[in-house]
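**Student:** Model the following, please.
(one chain, ligands or ions: 1)
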Amino acid sequence: MAKLEEVVALAKRRGFVYPGSEIYGGLKGFWDYGPLGVELKNNIKSAWWNEMVYGRDDVVGIDAAIIMNPKVWEVSGHTEAFTDPLVECKKCHKRFREDHVEERKKIHKKIRYKTKGVSNITLTNEDKYYLFCSDGVSHEFTEPRVFNLLTEVFLGVTEPKQKTYLRGEVTQGVFVNFKNILDSTSMKVPFGIAQIGKAFRNEITPGNFTYRTREFEQMELEYFIKPDEQQAEKTFEYWKKERMDWYISLGMTKENLRFRKHGKDERAHYAKFAEDIEYKAPFGWSEFEGIHHRGDWDLGRHKLSYKDDETGKEYTPWVIETSGGVDRSTLFFLIDAYYKAKDRVVLRLHPRLAPYKVAVFPLLANKPKLVEKARKVFGKLRLSFHSTWDDRGNIGKRYYAQDEIGTPWCVTIDFKTLDDDTVTVRDRDTTKQERVNITKLIAYFDERLKT
Ligand code: ATP
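**Tutor:** Numbers count the residues shown, from 1 in each chain. Predicted coordinates for the structure are as follows:
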């Protein structure tokens, strides 16, 4: 398993993720995606959209505004119940989410055991993360206090300004458009509405790189069904499987994934029942997608209903939701793909997710005929695939540089190319090379991208 620090270092060095507003010291809980990070994230989002919208007859997409009438958040229950209870360490005054304390205590105990009787101990960064105080001893906390996670914004120029919120989840944008979708499309229950977009939470303890941030993206499906417990159970199980299979189909290691059922006391205010998809991260099993049975909570609160054309019956549909985090998926795809071979680092990203599909090299940068031919091949390939060019250093170094950013194929134009129009294609994972005719290159990569 890749160490988090190694992935963070690679992400910065190669342009996947940078600390947000870094030249001014950054801002806790905010990150910027660099040239490769934005590609990886976009590829994840478009793979999701392809699967959830283009691949289905029963789902349509929307893109709702981030800022909505504040009534949305009052009615949805978020101004009242979108909260995290926090406790404060009485010694160092650091605050922790109450629901994280028990788990930390267990790990803390292990660290104490490990270091018992040793005065001069070295703690790893991971160990340190679980310490409550710098001396690693204190266990005394204040009573929990409740903090609302919604981020307030103030609109207008004259006082009093209008107070509203940056959306705390993309979901509500779907519910407030439920009637619009019914009126403007031919969708009939059961059907779903998909959305990808930014959400904001005033997290008290952002951390673990891009895992817990204050600005993040969600990719969500709200699937509307008849109010029927059996139907709900079936739909819930169906989406659980679909979502888990999707991560595996894009290369995530099965053994690093699991479902975890929410206990009654940890369910969100809207959920009838809920399960998370968790990844075995370097910092422990961690949620990155939730499947929620929201019942009629939201449509009911917004006083929205549905009329069945056939029976003429009016009812409030129930909702099964799949709510995934784009940033958490991006992080876990990166961690899962990170592989350290003897002398090289390889990001074994699924080719569909890789920022570049193909890198094109002239064997020698100082041979104009090779460069000219390579430029031609590059020009053709980049019309079909996001491709990159490299003519620095020797071929071996170029291969390693591409391995490290996950480029699945490298194409080299050499002297043989000038004679017979074939190039060398080198595969990132096997490092095997084969000769392919230039006219067949596009079909060659197309076929491999489909599998
Ligand atoms: P957590 O318990 O970790 O705070 P949650 O259960 O509140 O998460 P949901 O409200 O179910 O999360 O949100 C759905 C998804 O949105 C999460 O599975 C996660 O991928 C993403 N998400 C939620 N909060 C954050 C955050 N602060 N930073 C990054 N992604 C987030």
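
**Student:** From now on I want contacts and neighbour counts done on CA atoms only, so please keep to that.
**Tutor:** OK.

**Student:** Count the residues that sit near residue 304.
**Tutor:** A count of nearby residues for residue 304, using other CA atoms under 10 Å, gives 17.

**Student:** I should have written residue 205 there, sorry.
**Tutor:** Residue 205 has 16 neighbours, counted by other CA under 10 Å.

**Student:** Kindly report the same for residue 24.
**Tutor:** Using other CA under 10 Å: residue 24 sits among 7 other residues.

**Student:** Other residues contacting stretch 306-321?
**Tutor:** 189, 220-227, 232, 235-236, 290-297, 299-300, 304-305 (CA atoms under 8 Å, 6 or more residues apart in numbering).

**Student:** Okay, and which of the residues you listed map to strands?
**Tutor:** 220, 221, 222, 223, 224, 225, 290, 291, 292, 293, 294, 295 (DSSP state E).

**Student:** Tell me the one of those nearest the ligand?
**Tutor:** residue 290 (5.0 Å; CA to the nearest ligand atom).

**Student:** pretty sure residue 278 contacts residue 289?
**Tutor:** Yes - applying CA atoms under 8 Å, one finds residue 278 in contact with residue 289, separated by 7.2 Å.

**Student:** which among the contacts of stretch 306-321 end up buried?
**Tutor:** Buried by 16 or more other CA atoms under 10 Å: 189, 220-226, 232, 235-236, 290-297, 299-300, 304, out of these.

**Student:** Can you narrow those residues down to the ones near the ligand?
**Tutor:** Among those, proximity to the ligand is found for residue 290 (CA under 6 Å from any ligand atom).

**Student:** Could you work out the most separated pair of the ones in strands among the contacts of stretch 306-321?
**Tutor:** Spatial extent of the ones in strands among the contacts of stretch 306-321 (CA to CA) is set by the pair 225 and 290 at 18.2 Å.

**Student:** Kindly provide the distance from residue 435 to residue 310.
**Tutor:** Distance, residue 435 to residue 310, using CA to CA, to the nearest Å: 61 Å.

**Student:** Look at those two and report which has more neighbours.
**Tutor:** Neighbour tally, residue 435 and residue 310, criterion other CA under 10 Å: the higher count belongs to residue 435, 15 against 6.

**Student:** Report the closest residue of the stretch 351-451 of the chain relative to the ligand.
**Tutor:** Distance from the ligand to each residue of the stretch 351-451 of the chain (CA to the nearest ligand atom) is smallest for residue 353, at 18.0 Å.

**Student:** Tell me, how many residues neighbour that residue?
**Tutor:** Applying other CA under 10 Å, I find that residue 353 has 25 neighbouring residues.

**Student:** Could I get the phi/psi values of the spatially closest residue to it that is not a sequence neighbour?
**Tutor:** Spatial nearest neighbour of residue 353, excluding adjacent residues (CA to CA, 6 or more residues apart in numbering): residue 43 at 5.2 Å. Backbone geometry at residue 43, expressed as degrees, to the nearest 10, gives phi -70, psi -40.

**Student:** Which residues are in contact with residue 43?
**Tutor:** 352, 353, 354, 355.

**Student:** and if you look at residue 87?
**Tutor:** By CA under 8 Å, 6+ apart, the neighbours of residue 87 are 95, 96, 97, 98, 141, 142, 143, 144, 145.

**Student:** Just the buried residues from those residues, in PyMOL please.
**Tutor:** Applied in PyMOL, the following selects the buried portion of the contacts of residue 87 according to 16+ other CA under 10 Å:
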select buried, resi 95+96+97+98+141
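
**Student:** Out of the contacts of residue 87, which is nearest to the ligand?
**Tutor:** When those are compared against the ligand (criterion: CA to the nearest ligand atom), the nearest one is residue 97, at 9.5 Å.

**Student:** hang on, that closest one packs against residue 84?
**Tutor:** Yes - counting by CA under 8 Å, residue 97 does reach residue 84; the two are 6.7 Å apart.

**Student:** domains for the protein, by residue range?
**Tutor:** 4-66+168-339, 84-147, 358-450 (automatic domain parsing).

**Student:** Buried residues of stretch 69-84, list them for me.
**Tutor:** Under the neighbour-count criterion of 16+ other CA under 10 Å, stretch 69-84 has 70, 72, 73, 76, 77, 78, 79, 81, 82, 83, 84 buried.
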